[in-house]
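**Q** below are the sequence and a predicted model for it; my questions follow.
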Amino acid sequence: MTTDDIAVIPYIAFRCGRFVYAVDTLHVKEIIHLPEFKPVDEAPEYVAGLVNVRGTVIPLIDIDKRFGRKGHEYALTNKVIIFRYNRRLIGVIVDEVEDIYDISSDSIEKAPIYTDEKLHQSGFIEHVAKINENILMILSHHKLFDSRVMAVISEYEGREVLADELLSSDKLLSSDTSAVFHKRAVALAPKDAQRYDSSSLMPVAIVELEDELFGIELDAVREFISVQEYRQVPCCPSHVVGNINLRGEIVTLIDIRSTLGLSKSSGKAMDSAVIVVIDNFTVGICIESLRDVLYLPVSEQKELPIAIKQTNESFFKCTALFDDKAIVVLNLQSVLYRGSLIVNDIL
């Protein structure tokens, strides 16, 4: 196989219990935190219920029950991956979204056959891929959303669910937890059932730096990686962490905390990075963690606080709310250039 024959495909890795699975992003529309949803008594066991996402009613599938396993109590950390498959929207409840990886086709192999593995017999796991020290089990969309599932989805798609009529799931036991789930549902389903088209949404990755949350527009993001090791470069500015070999490409890692006025006092490890491309420059921005990938409605974005406007206003685009906490969306081009973080002889 020649280099030209090797395709690189982005995959979203997510965790269910002790297992980590992955799906390619072709059919993924967005990822949201699990909101309160409306159970449907007559639905199959693996259909958890219905949720109103910006005026569109979407069935939610409990992936554990879809795999034939026993379900468990939902938590605030659960996520919903919303797929657009065969012209329909389907939400899949997972424990946590781990990361987004670019996986080359030569790293993907057919899944081995385990005769006593019920999951494999059902054909959900189609391929496996090795990422660093991790083995990702790649799921088949065709099996996950087979004709039986699509028939169920067709039956429940479009049912009316209003934010103030949502029913609590029996699994949402804690009153405090239930309140958070309900607040998420209300935020997802405005009273006017406003529908957002793609032009009114800003896709962003929510990252953490020194216990603060920042948004990075996905248009500039190439991938997210774990930083296992890097090579320090002598005689470089302090914000240059070092270089990594990313599948044969040398990428410089930088630390933007000082530029953003952060104190570097938390002591948390900066062992992840966002690989971004700005004006044909590829650079890795070190982060503590990737918290989420979501779509921010433009109408819900807020002006910058006065405190930010007075200092480094050009580094930021707008603010928004995420889990009741303010996030600031970065203007990466300004951060890199006006913050003097681009080092041409390194990049």
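**A** Cool, got the structure. In this text, all values refer to a predicted model and were calculated from it rather than measured experimentally.

**Q** point out where the chain drops to low pLDDT.
**A** 1-6, 112-122, 132-133, 156-177, 189-200, 297-312, 322-324, 339-347 (pLDDT under 70).

**Q** the helices in it, which residues?
**A** Along the chain, the stretches classed as helices by DSSP state H are 63-66, 118-121, 141-144, 147-156, 175-188, 306-310, 332-337.

**Q** what is the burial count for Ser258?
**A** 13 (other Cβ atoms under 10 Å). All C-beta spots, glycine's among them, are computed from the backbone N, C-alpha and C.

**Q** quick check: closest non-adjacent residue to it.
**A** His239 (6.4 Å; Cβ to Cβ, 6 or more residues apart in numbering).

**Q** next, give phi and psi for that neighbour.
**A** Phi and psi for His239, reported as degrees, to the nearest 10, are phi -80, psi -10.

**Q** surely it touches Ile256?
**A** Yes. Counting by Cβ atoms under 8 Å, His239 touches Ile256, with 7.0 Å between them.

**Q** higher neighbour count, those two?
**A** Per other Cβ under 10 Å, whichever of His239 and Ile256 has more neighbours is Ile256, with 21 against 17.

**Q** what count of nearby residues applies to the nearest residue to Lys143 once chain neighbours are set aside?
**A** Residue nearest to Lys143 in three dimensions, not counting chain neighbours: Gly123, with 4.6 Å by Cβ to Cβ, 6+ apart. Neighbour count for Gly123, taken as other Cβ under 10 Å: 14.

**Q** distance of Gly123 from Ile153?
**A** 19 Å (Cβ to Cβ, to the nearest Å).

**Q** do the same with Asn78
**A** Counting by Cβ to Cβ, the gap from Asn78 to Ile153 is 20 Å.

**Q** who has more neighbours, these two?
**A** Neighbours were counted for Asn78 and for Ile153 using other Cβ under 10 Å; Ile153 has more, 19 against 16.

**Q** that one touches Gly91, doesn't it?
**A** No. Contact criterion Cβ under 8 Å: Ile153 and Gly91 do not qualify, at 10.1 Å.

**Q** which residues are in contact with both of those two?
**A** Common contacts of Ile153 and Gly91, defined by Cβ atoms under 8 Å, 6 or more residues apart in numbering, comprise Pro59.

**Q** can you tell me the closest non-neighbouring residue to Thr77?
**A** Nearest to Thr77 is Glu96, by Cβ to Cβ, 6+ apart, at 5.9 Å.

**Q** give the burial count for the one you found, as a bare number.
**A** 14.

**Q** what sits against it?
**A** Counting by Cβ under 8 Å, 6+ apart, Glu96 has contacts 14-15, 77-79.

**Q** ok, and the most crowded of these?
**A** Counting neighbours by other Cβ under 10 Å, Phe14 comes out on top of the contacts of Glu96 with 23 neighbours.

**Q** residues in contact with it?
**A** Going by Cβ under 8 Å, 6+ apart, the list of residues near Phe14 reads 20-23, 79, 81, 94-98.

**Q** so which of these belong to strands?
**A** Counting by DSSP state E, these place 20-23, 79, 81, 94, 96-98 in strands.

**Q** neighbour-wise, give me the winner out of the residues you listed.
**A** Ranked by neighbour count (other Cβ under 10 Å), the ones in strands among the contacts of Phe14 have Ala22 at the top, with 25 neighbours.

**Q** name whatever forms a beta bridge with that residue.
**A** Ala22 has the following beta-bridge partners by DSSP bridges: Ala13, Ile138.

**Q** also Thr56?
**A** Val53.

**Q** neighbours of it, how many?
**A** Counted by other Cβ under 10 Å, the residues lying close to Thr56 total 17.

**Q** can you check the one 10 residues further on too?
**A** Neighbour count for Arg66, taken as other Cβ under 10 Å: 23.

**Q** next up, the contacts around the residue lying farthest from the centre of the chain.
**A** Largest separation from the mean C-alpha position in the chain: Cys235, at 36.3 Å (Cα atoms, centre = their mean). Taking Cβ under 8 Å, 6+ apart as the definition of contact, Cys235 has no neighbours.

**Q** mind starting the numbering at 30 from now?
**A** All right, first residue 30 from here; so that's Cys264.

**Q** residues in contact with Ile167?
**A** 40, 50-53, 137, 140, 154-158.

**Q** show me which of those residues are buried.
**A** Buried by 16 or more other Cβ atoms under 10 Å: 40, 50-52, 137, 140, 154-158, out of those.

**Q** including distance to Ala349, could those go into a markdown table?
**A** Formatted as a markdown table, the buried ones among the contacts of Ile167 follow (distance: Cβ to Cβ, whole Å):
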| residue | distance to Ala349 |
| --- | --- |
| Tyr40 | 27 |
| Tyr50 | 29 |
| Ala51 | 28 |
| Val52 | 27 |
| Ile137 | 36 |
| Ala140 | 40 |
| Ile154 | 37 |
| Glu155 | 37 |
| His156 | 36 |
| Val157 | 37 |
| Ala158 | 34 |
